[in-house]
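Engineer: build me a structure from this.
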Amino acid sequence: MELSIDTVGEQSAVAVSDRGIVLTEVSWHSGRRHTPSLTPMIDFVCRQTGNADVVRRELEAVFVNVGPGAYGGIRSGMAAAEGLAVALDLRCVGVGRLELEAYQHLGSGLAAAVHRASRSSWAWQMFWGPPERWRELGPPRSGAEFELLRALGDARRLAGRAGLICGEPDRLSTDAAASVQDAGWALSPPSLNLRRAAVLAELGWRRLQDGGGLPPAALEPLYLREPAIGPQPPHE
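Structural biologist: As a prediction, the model looks like this:
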């Protein structure tokens, strides 16, 4: 069995799976309170799957969303994954948020996952299907909305046609949304953009079978921009 943990946004999810096939899954609005709500939800999915102690003993791996997203959310999920992996001697697989969001739309050919990183910046990554040849068109990037639009134009030219924008396309400005739709892009509706732990379970299992399992200390968060915390300048 495997445990999947996704806490990078205000909507969180956890699941217990068997060889990547979900047995129990729960999503909830965690807001910014990822840490206090996560442990009870992990306990809940274990109890719903069967005897919680037996489920924990049968876990072989933990899959976790490593971002980008809310700094506290990323750290909360990764800390839980690392703690469980150390305590239960589990293998770990970290999967990026943008890949998870695009993976839900494998049949679209070209999929552009976009995420509103702040009031003035975006994160994005492009992927190309079909499923048997799923691949990245480049690493995750971040920048202003005009840079995102330029990247979408480059991906469209590379692929020979536009595709699907998923993740958070509903947060594009009105002008930007009209521009990309005029260029042939389809915008995935909010109901199809909810990240599910089931997707993390499936993709994490595939990665694990390809030899992608890591010791917990080797997991790395994906921030794309510096966290807005740290030493503050002295007051004058």
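
Engineer: dump the residue contacts of the residue nearest in space to the middle of the chain.
Structural biologist: By CA atoms, centre = their mean, the chain has its centre lying nearest to residue 97, at 2.1 Å. For residue 97, the contact set (CB atoms under 8 Å, 6 or more residues apart in numbering) comprises 8, 9, 65, 66, 67, 68, 69, 113, 115, 195, 222. All C-beta atoms are positioned from the backbone trio N, CA, C, and that covers glycine.

Engineer: repeat that for 6 Å
Structural biologist: 8, 65, 67, 68, 69 (CB atoms under 6 Å, 6 or more residues apart in numbering).

Engineer: and residue 110, by the same measure?
Structural biologist: Neighbour list for residue 110: 128, 159, 163 [criterion: CB under 6 Å, 6+ apart].

Engineer: tell me the bridge partners for the first one.
Structural biologist: Same thing as residue 128. residue 110, residue 135 (DSSP bridges).

Engineer: one step back: make a PyMOL selection of the buried ones in the contacts of residue 110.
Structural biologist: Selecting the buried subset of the contacts of residue 110 in PyMOL, with 16 or more other CB atoms under 10 Å as the burial test, is done by:
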select buried, resi 128+163
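
Engineer: in which helix or strand would I find the residue nearest to residue 19 when sequence neighbours are not counted?
Structural biologist: Distances taken as CB to CB, 6 or more residues apart in numbering put residue 205 closest to residue 19, at 6.1 Å, once the chain neighbours are dropped. Per DSSP states H and E, residue 205 falls inside helix 197-209.

Engineer: and that helix, what other elements does it pack with?
Structural biologist: Counting contacts by 3 or more CB pairs under 6 Å, 6 or more residues apart in numbering; DSSP states H and E, helix 197-209 packs against strand 2-6, strand 11-18, strand 21-29, strand 61-65, strand 91-95, helix 97-103.

Engineer: between strand 21-29 and it, find me the angle.
Structural biologist: Here the directions of helix 197-209 and strand 21-29 differ by 130 degrees (axes from the mean of the first three to the mean of the last three CA atoms, to 10 degrees).

Engineer: can you give me the buried ones in helix 197-209?
Structural biologist: 197, 198, 199, 200, 201, 202, 203, 204, 205, 207, 208.

Engineer: can you check stretch 7-25 too?
Structural biologist: 7-9, 11-17, 20, 22-25.

Engineer: swap in stretch 142-162?
Structural biologist: 142, 143, 145, 148, 149, 151, 152, 155, 156, 162.
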